[in-house]
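Undergrad: output the structure for:
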Amino acid sequence: MKIKKKILALLFISLYSTAILSLENKIIVKVNNDIISSYELKNKILTTLFLANEGVNQKNINKSKPLVLKNLIELKIKRREISKYKIDISDSEFSENLNKYAKNDLNSFKNEFKTNKIDYEIFKQDFKTELKWRKLIYYLYNKKVEIPESEINSQLKKILSDEEKNVDYRFSELVISFKNESEKNKKIKEMKEQINLIGFDKSIQKFSESLSKNNLGDLGWVNSTSLSSVISKKIVSMKINDISDPIIMGNNILFLKLNNIREVKKEEIDNEELKNRILNSKKNQMFNMFSSSHLSKLKNIATIEYK
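TA: Here you go, the predicted structure:
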């Protein structure tokens, strides 16, 4: 794997130097009072292809460029908003999340950046920005995310009284937004192609707009009865490692991957633990909605100049 990635890095330099490296240190976009340089764009494209395990060739570079540029613009906007509210995270919180993202092998993960000649410090900075953004959304909207206890108790009662098998699912999610019907159909087609090409987990890293992205889309254990009817219909016949058909939730397209499934005996159910899982699942859905909405509002008032 390391030899393969070294070859990819050399190929990247060969193909990419004339197109991007010749523009080193030039400003390509101005976002409010911040800038995006050609070096940032180059590094972000290479990082994106590396994390998605995609071949580094001109076709993939050109295909990734619009997505990467969009992501860089959003990062600048997020940093401005984070700074406004003075949001920070502890070193231990950052390390814990980064280590989890690296699948508990941070040294190897970091060395792969060095092998592929990618700026690891920029990746860390972007990763920290996403964590701070998640914390900001919680800070701004926590009081607005109110789930009536009666709703949670009603769902719990349904689970405990259901005579059918009690089943928990472990999902990963991939969420992308769309503006209109035409864009929705286009994005569904593109996402299906990407999932087939690079796999679901890599597609999460490359495309997902959910707050769960830094957790590789992991939603934890979700009880079957806590799922909406729309989702239940999509996952009813899924088996482990299956990926759902696209699920439309407002202006978002949701894909779910079933990672695991377990049957839970009623006598083994911890009522308080289950209530917390139901509550957290509903809260996460609302936080994702607020995150998407808040970023969209900031982009609408931002001054974005392409150089």
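
Undergrad: make it CA atoms for all contacts and neighbour counts henceforth
TA: OK.

Undergrad: buried residues in the strand or helix carrying Lys124?
TA: Counting by DSSP states H and E, the element that carries Lys124 is helix 120-141. Within helix 120-141, the residues that qualify as buried are 120, 123, 126-138, counting by 16 or more other C-alpha atoms under 10 Å.

Undergrad: return it as CSV; C-alpha atoms alone will do.
TA: The C-alpha trace of helix 120-141 is given here as CSV (Å, rounded to 0.1, in the frame of the first residue of the first chain):
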residue,chain,number,x,y,z
TYR,A,120,-0.4,17.3,7.4
GLU,A,121,-0.6,20.5,9.4
ILE,A,122,-3.2,21.9,7.0
PHE,A,123,-5.2,18.7,7.4
LYS,A,124,-5.1,19.0,11.2
GLN,A,125,-6.2,22.7,11.0
ASP,A,126,-9.2,21.8,8.7
PHE,A,127,-10.1,18.9,11.0
LYS,A,128,-10.1,21.1,14.0
THR,A,129,-12.3,23.6,12.2
GLU,A,130,-14.9,21.0,11.6
LEU,A,131,-14.8,19.9,15.3
LYS,A,132,-15.2,23.6,16.4
TRP,A,133,-18.0,24.1,14.0
ARG,A,134,-19.9,21.1,15.5
LYS,A,135,-19.3,22.7,18.9
LEU,A,136,-20.6,26.0,17.6
ILE,A,137,-23.8,24.6,16.3
TYR,A,138,-24.4,22.9,19.6
TYR,A,139,-23.7,26.2,21.4
LEU,A,140,-26.1,28.2,19.1
TYR,A,141,-29.0,25.8,18.8
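
Undergrad: give me the packing partners of it, helices and strands only.
TA: helix 58-85, helix 91-101, helix 106-115, helix 271-301 (3 or more C-alpha pairs under 8 Å, 6 or more residues apart in numbering; DSSP states H and E).

Undergrad: among the ones you listed, which is nearest Lys30?
TA: Evaluated with C-alpha to C-alpha, the helices and strands packed on helix 120-141 place helix 58-85 nearest to Lys30, the distance being 8.7 Å.

Undergrad: now that closest one and helix 271-301, what's the angle there?
TA: 100 degrees (axes from the mean of the first three to the mean of the last three C-alpha atoms, to 10 degrees).

Undergrad: average pLDDT for helix 58-85, rounded please.
TA: The average pLDDT within helix 58-85 is 95.

Undergrad: just want the angle from that helix to helix 120-141.
TA: With the same axes, to 10 degrees applied, the angle from helix 58-85 to helix 120-141 works out at 50 degrees.

Undergrad: wait, which of the helices and strands packed on helix 120-141 is closest to Gln155?
TA: Nearest to Gln155, of these and by C-alpha to C-alpha, is helix 271-301 at 8.1 Å.

Undergrad: now the helix or strand following the closest one, how far from the chain's geometric center?
TA: Downstream of helix 271-301, the first helix or strand assigned by DSSP H and E is strand 304-306. Centroid separation for strand 304-306 versus its chain: 25 Å, with C-alpha atoms, centre = their mean, to the nearest Å.
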